[in-house]
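# Pasting a predicted model and its sequence here:
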Amino acid sequence: TGFCVELPPGTEMQIRPRSGLALKHGFIIPNSPGTVDEDFRGCMMVGLYYLGKEPYTINHGDRIAQAVVSQVRRYATVEVKELSNTERASGGFGSTGVS
């Protein structure tokens, strides 16, 4: 990509797809969003899957992804013997309904 980074301490970068590339041309980023940690140094790579049927060329300089840099809070992990109760509990996917 030619896009190289050195992030400030306490930040992360997320690599996200551009909606036009997906909707108009059939490209998706399978690891989306991709997280770049603050200690990464180097040039970015973006993996793409092409779902289209016709050949498509990506040219140097084409915008294939977007990057968002955010502050990150670090928390200490604490082991507990039991978790507090909620209405949802451990219901998982779809357990809160659709409306």
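Yes, it's here. As the structure is a computational prediction, the values presented were derived from the model and not from experiment.
# Tell me where the protein has strands.
Taking DSSP state E as the test, the strands found in the chain are 4-6, 11-17, 27-28, 34-36, 41-43, 49-50, 65-71.
# To residue 58, which of those strands lies closest?
strand 27-28 (8.2 Å; C-beta to C-beta). (Glycine included, C-beta is placed from N, CA and C.)
# partner strands of the closest one, parallel or antiparallel?
strand 49-50 (antiparallel) (DSSP bridges).
# Identify the residues contacting the closest residue to residue 21 other than its chain neighbours.
Nearest-residue entry for residue 21: residue 27, 4.6 Å, with adjacent residues in sequence omitted and distances by C-beta to C-beta, 6 or more residues apart in numbering. Residues in contact with residue 27 (C-beta atoms under 8 Å, 6 or more residues apart in numbering) are 17, 21, 48, 49, 50, 51, 52, 56, 64.
# So for those residues, which is the shakiest by pLDDT?
For these, the weakest pLDDT value sits at residue 21, with 83.
# Give me the pLDDT value at the residue nearest to the spatial centre of the chain.
The centroid of the chain falls nearest to residue 33 when counting by C-alpha atoms, centre = their mean (0.9 Å). With respect to pLDDT, residue 33 scores 91.
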